[in-house]
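1. Predicted model, plus sequence, below.
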Amino acid sequence: MRIVDYFDATASRLPKHEAFVDAEARLDYGTAQKFVHAVAHALARDPELPVGAHIGVYSPNNSVVSLLQLGINRADRTWVLVHTRNATETNAQVLAYADTKLLFFHSSFEPAIEIIKQSLPGAKFVCMDRDSPLGPKLDKWLEGCWKAYPIMREEALGKSFMAPTGGTTGPQKAVVHTHRSTEISVNSVSNVLQIDSESRHLVVAPLTHAAGYFALAFTINGGTNVILPGFDPTLVLQKIAAERITHTYLPPTAIYALLAHPMLRQTDLSSLRFIVIGGSPIAPSRFKEAVAAFGPILYEMYGQTESLAPVTVKMPQDCMRADGSFDEDVIRSAGKAAPFMRVEIMDADGKFLPDGEPGEIVVLSSMVMKEYYKMPKETEEAQRFGWHHTTDIGVRDGRGFITIVDRIKDLIISGGLNIYPSEIEAVIAEVDGVLEASVIGVPDEKWGESVKAVVQLKPGRTVKPEDIIERCRARLGSLKVPRSVEFWDELPRSPVGKVLKREIRKKFWTDQWRAV
């Protein structure tokens, strides 16, 4: 079944039940379904948008984003995820690479859309909230389409959505997921989080990216998504109390902000049953602080764009011993294999390793991607020996808990966002006087990792750290700016002259509770 098939089943069963809440409206499932089917009809009547056509949504958080995603799914077109916090140029690259044929956009992003439109010749644009010189208003685009959409059996391996992910030079790949992989994943999330029609999910992360997919998991059992425009700790606490929120998904940085907020102790949190932590690990000391503040309701999920989530899950009961004390080894782990997932530790020759020996974490599941879009060699490499290769190094103990100890790739995860060092290094290399730069993630209590540039200058040259920082800000946007810059006389190198990034990382990660 498609995700929207579950949504339609809920709308038939609970038409008056609240589906989406945002600043503009409170929508029940019956009303939402009419909008979803109208979107599907409007897509299907356009001969230039055939089955499988790639369609993006570029908007701040609101319920229309989720309705468009469901409408795309209902029409059997392919939703292209795009993170609106990326630099506009990056998103233009992503959408062009993904062969996007239609982009729904909010008028607040018109300046970005003007740039993106140049990279998408022949693509169509629809403005979600008003008439725009860049495209018709959504209401007009939907005229004549307000009727039930015929239900047809899905192709299980047909495309459901595409998500950009990183390569060696930045976000240059797109992962293709099928109806089957999406279906299994949302059912796994539903299983772990015990989602039902009484569940009320507070959405704070961008719906146009991974949070949108996570929110759709609540529609398959009739849950309610309460949508905020973004993360504001005061508003989050107010909404938890006022809307009787049961579930929310937050990166560690958001947890830290809530723990520091003066309203926390005075807020009624009694409705909360599940706080899901994802994007990056939470520090053990802060995990304990969070348990003291919220109770034993913290769940950690580990996953990837290629394998979806959860690959592993750490549940509250896993972290506590019978006497009420914390199990430190479990807290530092990523948890155990999730439902519908087989997880093993593998060596470079494709052999499984015994407990206690580090190796690559590999996954076997119907949740794994179909392929990297237009990249057969990279797909084959990621799926060698018949398993999906995460490129994370882990160790499994005798109880089944997997601890991530290293990362084969150089990816930096800061505040739950993926940052690719090579594109930052390329910009720093343009600074006059720089011989070479190595960009790494270093421990950061708030963000998990922060971006650091270690730079070797040309002999006799001088460069100010702020020159490098401002160059990166101008070219890459604020998310990818190094928070610190160090100058070394020599970068460590291999016998053939390659910079040994792992040796650089050692200086900053020694004696830390984790290696990534």
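-> Thanks, I have it.

2. what are the bridge partners for the closest residue to Glu378 other than its chain neighbours, then?
-> Once flanking residues are discounted, Glu378 sits nearest to Tyr372: 4.8 Å by CB to CB, 6 or more residues apart in numbering. Backbone N, C-alpha and C define where each C-beta goes, glycine included. As for beta bridges, Tyr372 partners with Val175 under DSSP bridges.

3. Tell me who's in contact with Tyr372.
-> Neighbouring residues of Tyr372 by CB atoms under 8 Å, 6 or more residues apart in numbering: Lys173, Ala174, Val175, Val176, Glu378, Thr379, Ala382.

4. Give me the distance between the residue located most distally from the centre of the chain and Leu435.
-> What lies farthest from the middle of the chain is Gly460; by CA atoms, centre = their mean that is 43.6 Å. As judged by CB to CB, to the nearest Å, Gly460 and Leu435 stand 11 Å apart.

5. circling back: looking at the contacts of Tyr372, spot the one nearest Val80.
-> The nearest member of these to Val80, counting by CB to CB, is Ala174 at 7.6 Å.

6. Let me see the contact set for the closest one.
-> Val80, Val94, Tyr97, Ala98, Met162, Ala163, Pro164, Thr165, Tyr372, Tyr373.

7. For those, give me TSV that also has distance to Phe294.
-> As requested, these are exported to TSV (distance: CB to CB, whole Å):
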residue	distance to Phe294
Val80	35
Val94	35
Tyr97	40
Ala98	38
Met162	35
Ala163	30
Pro164	33
Thr165	31
Tyr372	38
Tyr373	39
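
8. now what about stretch 479-495, what contacts it?
-> With contact meaning CB under 8 Å, 6+ apart, stretch 479-495 is reached by 85-87, 414, 417, 419, 423-424, 436, 438-439, 442, 444, 450-457, 463, 465, 468-469, 472-473, 499-500, 503-504.

9. Out of those residues, list just those in helices.
-> Per DSSP state H, helices hold the following members of the contacts of stretch 479-495: Glu423, Ile424, Pro465, Ile468, Ile469, Cys472, Arg473, Glu503, Ile504.

10. To which secondary structure element is Asn187 assigned?
-> With elements taken from DSSP states H and E, the one containing Asn187 is helix 179-193.

11. which other helices and strands contact the helix or strand that comes right after that helix?
-> Sequence-wise, the next helix or strand downstream of helix 179-193 (DSSP H and E) is strand 200-203. With contacts taken as 3 or more CB pairs under 8 Å, 6 or more residues apart in numbering; DSSP states H and E, strand 200-203 sits against helix 210-219, strand 224-227, helix 233-242, strand 247-250.

12. so how far is the first one from its chain's centroid?
-> Put plainly, it is helix 210-219. 11 Å (CA atoms, centre = their mean, to the nearest Å).

13. got it, and the last one?
-> From the chain centre to the centre of strand 247-250 is a distance of 13 Å (CA atoms, centre = their mean).

14. Following the chain past that strand, name the next helix or strand.
-> For strand 247-250, the following helix or strand on the C-terminal side (DSSP H and E) is helix 252-259.

15. circling back: pick out the most distant pair among the contacts of Tyr372.
-> Longest span within the contacts of Tyr372, CB to CB: Ala174 and Ala382, 13.2 Å.

16. picking up where we left off before, are any of the contacts of stretch 479-495 buried, and if so which?
-> With burial judged by 16 or more other CB atoms under 10 Å, the buried subset of the contacts of stretch 479-495 is 86-87, 414, 417, 419, 423-424, 436, 438-439, 442, 444, 450-457, 463, 468-469, 472-473, 499, 504.

17. Just the residues you listed: which are in strands?
-> The strands, defined by DSSP state E, take in 414, 417, 419, 436, 438-439, 442, 444, 450-457 from the buried ones among the contacts of stretch 479-495.

18. measure His389 to Ala163 for me?
-> 18 Å.

19. neighbour count winner among these two?
-> Using other CB atoms under 10 Å, the more surrounded residue of His389 and Ala163 is Ala163, with 24 against 19.

20. ok, what's across the strand from the more buried one?
-> Beta bridges link Ala163 to Val175, judged by DSSP bridges.

21. orientation of the helix holding Asn187 relative to helix 210-219 in degrees?
-> 70 degrees (axes from the mean of the first three to the mean of the last three CA atoms, to 10 degrees).

22. so what's Val36 up against?
-> By CB under 8 Å, 6+ apart, Val36 lies in contact with Val4, Phe7, Leu67, Leu70, Gly71, Arg74.

23. Against Leu138, how distant is the closest residue to the fifth one other than its chain neighbours?
-> Spatial nearest neighbour of Gly71, chain neighbours left out: Val39 (2.6 Å); criterion: CB to CB, 6+ apart. Applying CB to CB, one obtains 9 Å for the distance of Val39 from Leu138.

24. the more surrounded of those two?
-> Counted by other CB under 10 Å, Val39 and Leu138 do not tie: Val39 has more neighbours, with 29 against 21.

25. can you confirm the more buried one is in a helix?
-> Yes. Applying DSSP: H, G, I helix; E, B strand; the rest coil, one finds Val39 inside a helix.

26. who touches Gly335 in this structure?
-> Glu300, Met301, Tyr302, Thr312, Val313, Lys314, Met315, Asp318, Phe401, Ile402.

27. Show the backbone phi and psi for the second one.
-> This points to Met301. Dihedral pair for Met301: phi -120, psi 140, per degrees, to the nearest 10.

28. Now find how far off-centre stretch 409-423 is within its chain.
-> When C-alpha coordinates are averaged (CA atoms, centre = their mean), stretch 409-423 and its chain have centres 12 Å apart.

29. I misspoke; the intended subject was stretch 381-399.
-> Worked out by CA atoms, centre = their mean, stretch 381-399 lies 20 Å from the chain centre.

30. Check stretch 100-119 too.
-> Here stretch 100-119 is found 21 Å from its chain centre; the criterion is CA atoms, centre = their mean.

31. okay, who's weakest in the ones in helices among the contacts of stretch 479-495 by pLDDT?
-> Within the set of those, pLDDT is lowest for Glu423 (78).

32. Please report how far that residue lies from Leu120.
-> Distance from Glu423 to Leu120, by CB to CB: 21 Å.

33. Isn't Gln93 up against Ser119?
-> Yes. Using CB atoms under 8 Å, Gln93 is in contact with Ser119, at 7.1 Å.

34. Verify the contact between Pro206 and Gly212 for me.
-> Yes. Using CB under 8 Å, Pro206 and Gly212 qualify as a contacting pair, with a distance of 7.5 Å.

35. Read off the pLDDT value for Pro171.
-> The confidence metric pLDDT takes the value 49 at Pro171.

36. got it, and the one 10 residues further on?
-> We have a pLDDT of 97 for Ser181.

37. which residue packs closest to it, ignoring adjacent ones?
-> Closest residue to Ser181 in three dimensions, ignoring its sequence neighbours and counting by CB to CB, 6+ apart: Met367, at 5.1 Å.

38. Between the two ends of stretch 289-301, how far is it?
-> 19 Å (CA to CA, to the nearest Å).

39. Go through it and flag the buried ones.
-> Glu289, Ala290, Val291, Phe294, Ile297, Leu298, Tyr299, Glu300, Met301.

40. Quick one: the helices in the stretch 1-150 of the chain, in order.
-> For the stretch 1-150 of the chain, the helices defined by DSSP state H, counting those that start in this stretch occupy 3-13, 29-44, 63-74, 88-97, 110-119, 138-141.

41. Identify, out of the ones you listed, the most deeply packed stretch.
-> Comparing these by mean neighbour count (mean count of other CB atoms under 10 Å), helix 63-74 ranks first with a mean of 26.

42. who does it touch, helix- and strand-wise?
-> helix 3-13, strand 18-21, helix 29-44, strand 54-58, strand 78-80, helix 210-219, strand 224-227.
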